[in-house]
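Peer 1: Sequence below, structure please.
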Amino acid sequence: MNAKVHDLMSESVVTVQPHTTVGHIRTILKKNRFTAVPVVDTEGRPIGIVSQSDLVADLKTNAPAKSVMTDKVYTVPRYEDARVAARIMRKHKIHRIVVTHERKVVGMISAFDLLSLVEQHRWVPKNPPTESSKKSGRI
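Peer 2: Next up is the predicted model:
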């Protein structure tokens, strides 16, 4: 597999600040049909992520993102191999990763994006076993 993260990622990412309200985040997710938004600092570097599952609880709409965000945010550089993103997702049991370039958010890659490799037959299995010369009756 030679696909790079930037080949698969979604570039239409909307970020929020730590003070953005839960109500506003819900609106962003619903309007854009997103499942998560990265929380960034003033320089655009990821400091957290808010996903739909973080908003399931009965939260006040004026609660800030920093009170509900997951501050353990996994990132992958845009030019990294897609297999690195897949490994991170599998190892940490997560569904999406923030994509960065020079430490700033430039996109998101999800498990669904990685599945497109399989769907498009861009995934190639490891080398199949070769026939042994012993099977052919030669010694």
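
Peer 1: Let me see the ranges of the helices in the protein.
Peer 2: 5-8, 22-32, 82-92, 111-119 (DSSP state H).

Peer 1: so of these, which one's packed in deepest?
Peer 2: helix 5-8 (a mean of 19; mean count of other CB atoms under 10 Å). From N, CA and C alone the C-beta is placed, and that goes for glycine too.

Peer 1: pull the helix or strand with minimum mean pLDDT from this protein.
Peer 2: Lowest mean confidence among the helices and strands of the chain (mean pLDDT, DSSP states H and E): helix 111-119, at a mean of 86.

Peer 1: Between helix 82-92 and that helix, find me the angle.
Peer 2: Calculated by axes from the mean of the first three to the mean of the last three CA atoms, to 10 degrees, helix 111-119 forms an angle of 130 degrees with helix 82-92.

Peer 1: just to revisit the earlier point, check the helices of the chain for me: which has the lowest mean pLDDT.
Peer 2: For the helices of the chain, mean pLDDT drops lowest on helix 111-119, to a mean of 86.

Peer 1: That helix - contacts with which helices or strands?
Peer 2: Helices and strands touching helix 111-119, by 3 or more CB pairs under 8 Å, 6 or more residues apart in numbering; DSSP states H and E, are helix 5-8, helix 82-92.

Peer 1: what about these, which gets the closest to Phe112?
Peer 2: helix 5-8 (9.7 Å; CB to CB).

Peer 1: Give me the packing partners of that closest one, helices and strands only.
Peer 2: So helix 5-8, by 3+ CB pairs under 8 Å, 6+ apart, packs with helix 82-92, strand 104-110, helix 111-119.

Peer 1: Mind doing that once more with 7 Å?
Peer 2: Packing partners of helix 5-8 (3 or more CB pairs under 7 Å, 6 or more residues apart in numbering; DSSP states H and E): helix 82-92, helix 111-119.
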